[in-house]
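S.K.: Below: sequence and its predicted model.
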Amino acid sequence: MLNKILIAEDEPALRNLVKTCLVKEGYSVIEAKDGQEALDLFYSENVSLVILDIMMPELDGFEVLKTIRIESTVPVLMLTARNTEYDELHGLKLGADDYITKPFSPAVLVSRVKAVLKRSGMFADNDISANDILLKVREHEVYVKDEKINLTPKEFDLLQYLIQNKNIVHSREKLLSAVWGYDFFGDARTVDTHMKCLRTKLKQSGDCIKTVRKYGYKLEG
């Protein structure tokens, strides 16, 4: 489920152009036509990057970015037709990872997307870690203090998502959507069962996965 990109842009022609360029590069793309729809999709989907226009109806890009940054460090690339220093500085101050001024070439956009994803460690072949847990994503292997741990594919996906979003509290419903998919018909007990098995296999290192009572889980690191 990595490398899914959310495009929030109210101009249909530009939104379609960006989508076409990214799909050709192998990315999965979902679209929002306004700020509120962007937030709704962000909360329901597991996205690797958000491309966010500033001037949008309902909520502007700055408001969407502020809300995203309350609970997520997912990379955000800002788009704007206003080439002003204030917009750029304000966006970066709120937590944007990069900035592109319209008009731009598709090649430049794709290059910036790849650069932001690479810096953030969201490429699927990057090793990622938290505390003494190491995930070798390309090899689909997990090590704890140099000892290889055997996880099921879904346990691996769950641990990968928690590490990539560490120190953030996730509801059971969001974990179901992010790891199992929005069309999964199971219930929250599925998350609890997998989390219990994951902690057991990680032994003492599993203590970094905390239960948030009556809500969900977070990985501290």
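M.R.: Perfect, thanks for sending it.
S.K.: which residues does Ala8 bridge with?
M.R.: Bridge pairing for Ala8 (DSSP bridges) gives the partners Ala32, Leu52.
S.K.: okay, stretch 94-104 in PDB with CA atoms only?
M.R.: The C-alpha coordinates for stretch 94-104 follow below in PDB (Å, rounded to 0.1, in the frame of the first residue of the first chain):
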ATOM      1  CA  LEU A  94       3.400  24.800   8.900                       C
ATOM      2  CA  GLY A  95       5.300  21.700   7.900                       C
ATOM      3  CA  ALA A  96       5.300  21.500   4.100                       C
ATOM      4  CA  ASP A  97       8.200  19.400   2.700                       C
ATOM      5  CA  ASP A  98       8.400  21.200  -0.600                       C
ATOM      6  CA  TYR A  99       6.800  23.900  -2.800                       C
ATOM      7  CA  ILE A 100       6.000  24.200  -6.500                       C
ATOM      8  CA  THR A 101       4.700  27.400  -8.200                       C
ATOM      9  CA  LYS A 102       2.300  27.100 -11.100                       C
ATOM     10  CA  PRO A 103       2.800  26.700 -14.000                       C
ATOM     11  CA  PHE A 104       5.200  23.800 -13.700                       C
END
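S.K.: quick thing: my sequence starts at 5, can you match it?
M.R.: I'll keep to 5 as the first residue from here, and by that count the last item is stretch 98-108.
S.K.: the bottom helix or strand of the protein by mean pLDDT?
M.R.: Least confident helix or strand, the chain: helix 89-98 with a mean of 72, by mean pLDDT, DSSP states H and E.
S.K.: following that helix, which helix or strand shows up next?
M.R.: Using DSSP states H and E, the next helix or strand after helix 89-98 towards the C-terminus is strand 102-105.
S.K.: For that next one, what is the distance to the chain centroid?
M.R.: 19 Å (Cα atoms, centre = their mean, to the nearest Å).
S.K.: Strand partners (parallel or antiparallel) of that strand?
M.R.: When DSSP bridges is applied, strand 102-105 pairs with strand 80-84 (parallel).
S.K.: And the chain, what are its domain boundaries?
M.R.: 8-124, 131-223 (automatic domain parsing).
S.K.: hang on, isn't Cys25 packed against Pro110?
M.R.: Yes. Counting by Cβ atoms under 8 Å, Cys25 does reach Pro110; the two are 4.2 Å apart. Just so you know, the C-beta spots here come from the backbone N, C-alpha and C atoms, and that holds for glycine as well.
S.K.: Looking at the two, which one has more neighbours?
M.R.: Cys25 (17 against 14; other Cβ atoms under 10 Å).
S.K.: Secondary structure element for that one, which one?
M.R.: Counting by DSSP H and E, Cys25 is found in helix 16-28.
S.K.: tell me which residues in that helix are buried?
M.R.: Leu18, Arg19, Val22, Lys23, Cys25, Leu26 (16 or more other Cβ atoms under 10 Å).
S.K.: Need the residues you listed in CSV (columns: distance to Lys214 and pLDDT).
M.R.: Below are the buried residues of helix 16-28 laid out as CSV (distance: Cβ to Cβ, whole Å; pLDDT from 0 to 100):
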residue, distance to Lys214, pLDDT
Leu18, 42, 90
Arg19, 39, 90
Val22, 38, 90
Lys23, 38, 90
Cys25, 40, 88
Leu26, 35, 88
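S.K.: Can you list the residue ranges for strands in the chain?
M.R.: Read by DSSP state E, the chain holds these strands, from start to end of the chain: 8-12, 32-36, 53-57, 80-84, 102-105, 131-134, 137-140, 145-148, 151-153, 174-175, 213-216, 220-223.
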